[in-house]
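S.K.: Below is the structure, and that's it, no one-letter string:
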């Protein structure tokens, strides 16, 4: 076991795969000599050299397009989009080209690439550098979507994303970069599409990803201590493929479901989870399905406003308490 | 028209006859596809390159078999020029199960990886960065392959063009960008929406590249320029940007009769139709009428045969509908 930060786990996960497979290469802005603006790729340039860790101009269409072309022709590129908001600049490449080409060519083309990006709010960066875009990606057939919450998951899922033969959007949460966690020794690999039950419980199921996982866990601990409510917390880890069975199995035991989503309300990833449980887990439910989300607004920058917008430990705990009481 | 006359001698007669055959195949295939569109057999839309065959044929003759082609929704010519058989292309246009893409792509997305045709792209500009990526891959793998990327004049005004040109130049990527300037971006004269007279060549210097303009209706000139650019890319000397001047005989797409173009202009370009021009030149320079007529006849035969084969093919099985979203062949997004 070693203790790593979430930040260091990103570089460690990439390094593990670059060591084992020479076809893994990286491109992005400031990722090389500078080590990344969030220092997520520190050390890789020195270790693997400029041929494998390439700096690019500020050209998101060219970065993502070039990664696609390289992936189609034998490489396993990792492209970094400095902020996930920048996906909007290159959405044609992501949504029209990368996601559809295998289907449109009836399987002639494979696109094994990873688009890594600093996602999410909490850093007072304002509405164009704080978005949660995992639900944008989730809405496009042909994209896999990963959003880890711990250093160990970052490493293990990074390995799985890089080895996967399909395009993967890998969301690294900006507010989690400094957190520390134990990472087992040896090669790390966690398959895509497997949720983790990070806190077993019997009274309700709380589903979260990324920065909402530690908040959901803190809320669960408070509910246990203050109200004797025993919440089960599930970290989905990947949205596509989705571990639907883990959710359904949990709800079959707890009969109540909450989602905790950082994305704005409409069409957030939790809407799909709620729809799925309403359809397939309806008869095990004892109460309405509840989504705890950011309101349907752009994220503001002032600390007090941003904190009020994103689901907080207080809001998660209060909502769960109130809705469980109402259902009694 | 101020174009560069290549300094290299004309290619060998054998190569020129192969180029002529490719041009004849493209012309006859597309002429028939257009008729079949009006008969209702070809559905959706088609974008024909009738009049622009010399570019696809001239460049293809200068390529190595493992080089990559990236083209646009006006990509029948480029696909045929790499040797992709006609029957699966017709079948794709007819929406049949034996189509090149199994009926999932259609006219605008022709792809045949085994022939190096890495895709026909239908969003303007997208494939320039993608071709650059294939070139980067070839550079990294030291495979000696070159990526050839075809696009229209309208593409020179979209951001991806400029991003790709800059990054390709910085990386010295083995990619050749070929702008087929057919004078119109869809329905609008390119000159009326572009700040410079030569939409591609006048931008080349911004990326440290030589401005290259070639007569895109002269396949020998296209071949020679392409040869030089491909050799340069393969030698590690970086990308080229070629502007080939040509003309779309018809409208932008199936619904467009192209009436916005002055009669005089259309007449002048039709008089420079690359097919009869090249045929006459080859006759004057040593090819026999018998050999050229044989190419014309054989092509007519293969177009008819391919059409029949595609017509008799079944529609796609519904079993394929939810396949090939993922590399495991399926489309499951959950367990």
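M.R.: Good, I have the coordinates. As the structure is a computational prediction, the values presented were derived from the model and not from experiment. Numbers count the residues shown, from 1 in each chain, chains lettered A, B, ... in the order given.
S.K.: interface residues of the stretch 201-328 of chain A facing chain B?
M.R.: Those residues of the stretch 201-328 of chain A that sit near chain B, judged by CB under 8 Å from any CB of the partner chain, are A:240, A:241, A:242, A:243, A:244, A:245, A:276. Yep, even glycine has a C-beta here, placed from its N, CA and C like the rest.
S.K.: what's the first one in contact with, if anything?
M.R.: Taking CB atoms under 8 Å, 6 or more residues apart in numbering or on different chains, we find residue A:240 in contact with A:137, A:138, A:143, A:144, A:145, B:333.
S.K.: all strands for the stretch 51-200 of chain A, in order.
M.R.: Remark: strands of the stretch 51-200 of chain A, listed N- to C-terminal, are A:53-55, A:76-81, A:114-119, A:144-146, A:168-173, A:180-183, A:196-199; assignment by DSSP state E, counting those that start in this stretch.
S.K.: hmm, back to that, highest neighbour count among the contacts of residue A:240?
M.R.: residue A:137 (29 neighbours; other CB atoms under 10 Å in any protein chain shown).
S.K.: Wait, that residue touches residue A:167, no?
M.R.: No. Between residue A:137 and residue A:167 there is no contact under CB atoms under 8 Å: 9.4 Å.
S.K.: Check the contact lists of these two and give me the overlap.
M.R.: Taking CB under 8 Å, 6+ apart as the contact definition, residue A:137 and residue A:167 share the neighbouring residues residue A:143.
S.K.: still on that earlier bit, filter the residues of the stretch 201-328 of chain A next to chain B down to just the buried residues.
M.R.: Burial of those was assessed by neighbour count (16 or more other CB atoms under 10 Å in any protein chain shown); the buried members are A:240, A:241, A:242, A:243, A:244, A:276.
S.K.: and the nearest residue to residue A:2 once chain neighbours are set aside, what does it touch?
M.R.: Distances taken as CB to CB, 6 or more residues apart in numbering or on different chains place residue A:183 nearest to residue A:2, at 5.6 Å, with adjacent residues excluded. Listed by CB under 8 Å, 6+ apart, the contact set of residue A:183 reads A:1, A:2, A:3, A:4, A:9, A:12, A:151, A:152, A:155.
S.K.: Quick one: residues in contact with stretch A:49-57.
M.R.: A:18, A:24-34, A:41, A:44-45, A:62-63, A:66, B:140, B:163, B:166-167, B:170-171.
S.K.: same thing with stretch B:195-208?
M.R.: Contacts of stretch B:195-208 with the rest of the structure, by CB under 8 Å, 6+ apart, involve B:153, B:156-157, B:161-162, B:165-166, B:168-169, B:177, B:179, B:181, B:190-191, B:210-213, B:241-243.
S.K.: quick revisit: may I ask which two of the residues of the stretch 201-328 of chain A next to chain B are separated the most?
M.R.: A:240 and A:245 (14.8 Å; CB to CB).
S.K.: Cross-check the contacts of stretch B:195-208 against chain A and keep the overlap.
M.R.: With the criterion set as CB under 8 Å from any CB, the members of the contacts of stretch B:195-208 near chain A are residue B:166.
S.K.: what pLDDT, on average, does the longest helix seen in chain B get?
M.R.: Secondary structure assigned by DSSP state H gives helix B:13-39 as the longest helix of chain B. In this model, helix B:13-39 carries a mean pLDDT of 96.
S.K.: just stretch B:318-329 next, same as before
M.R.: Per-residue pLDDT over stretch B:318-329 has a mean of 98.
S.K.: Also stretch B:172-184?
M.R.: Rounded mean pLDDT across stretch B:172-184 is 97.
S.K.: Let me see the ranges of the helices in the stretch 1-150 of chain B.
M.R.: Along the stretch 1-150 of chain B, counting by DSSP state H, counting those that start in this stretch, helices occupy B:13-39, B:53-61, B:76-81, B:86-94, B:127-141.
S.K.: Residue B:324 and residue A:110, how far apart?
M.R.: 10 Å (CB to CB, to the nearest Å).
S.K.: between these two, who's got more neighbours?
M.R.: Neighbour totals were compared for residue B:324 and residue A:110, and residue B:324 leads with 22 against 19 (other CB under 10 Å).
S.K.: Confirm that the more buried one lies within a helix, as I assumed.
M.R.: No. Following the definition DSSP: H, G, I helix; E, B strand; the rest coil, residue B:324 is coil and is not counted among the residues of a helix.
S.K.: which ones are touching it?
M.R.: Taking CB under 8 Å, 6+ apart as the definition of contact, the neighbours of residue B:324 are A:102, A:103, A:106, A:107, B:104, B:331.
S.K.: Kindly list the main-chain dihedrals of it?
M.R.: Torsion angles at residue B:324 (phi, psi; degrees, to the nearest 10) stand at phi 60, psi 30.
S.K.: for residue B:305, what are its contacts?
M.R.: Taking CB under 8 Å, 6+ apart as the test, what residue B:305 contacts is residue B:87.
S.K.: In three-state terms, label it for me.
M.R.: Using three-state DSSP, the structure places residue B:305 in helix.
S.K.: for the closest residue to chain B within the stretch 151-300 of chain A, what are its contacts?
M.R.: Taking CB to the nearest CB as the measure, the point where the stretch 151-300 of chain A comes nearest chain B is residue A:165, at 3.6 Å. By CB under 8 Å, 6+ apart, residue A:165 lies in contact with A:110, A:112, B:327.
S.K.: so where does residue B:210 fall, helix or strand?
M.R.: Using DSSP states H and E, residue B:210 falls within no helix or strand.
S.K.: Can you give me the distance of it to residue B:244?
M.R.: If you measure residue B:210 against residue B:244 using CB to CB, the figure is 15 Å.
S.K.: How far off centre is stretch B:98-111?
M.R.: Averaged C-alpha coordinates place stretch B:98-111 at 16 Å from its chain's average position (CA atoms, centre = their mean, to the nearest Å).
S.K.: Just the buried ones from the contacts of stretch B:195-208, in PyMOL syntax?
M.R.: Buried residues among these (16+ other CB under 10 Å), as a PyMOL selection:
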select buried, chain B and resi 153+156+157+161+162+165+166+168+169+177+179+181+190+212+213+241+242+243
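S.K.: Run a quick neighbour tally on residue B:320.
M.R.: 14.
S.K.: Over to residue A:261: give its phi and psi.
M.R.: Per degrees, to the nearest 10, the backbone of residue A:261 is at phi -120, psi 130.
S.K.: typo on my end, it should be residue B:181
M.R.: Here the main-chain torsion angles of residue B:181 (degrees, to the nearest 10) amount to phi -80, psi 100.
S.K.: Test my guess that it contacts residue B:246.
M.R.: Yes. Taking contacts as CB under 8 Å, residue B:181 lies within contact range of residue B:246: 6.7 Å.
S.K.: on that earlier part again, what residues do residue B:324 and residue A:110 have in common as contacts?
M.R.: Both residue B:324 and residue A:110 are contacted by residue A:102, under the criterion CB under 8 Å, 6+ apart.
S.K.: rewinding a little: in strands only, show me the residues of the stretch 201-328 of chain A next to chain B.
M.R.: residue A:240 (DSSP state E).
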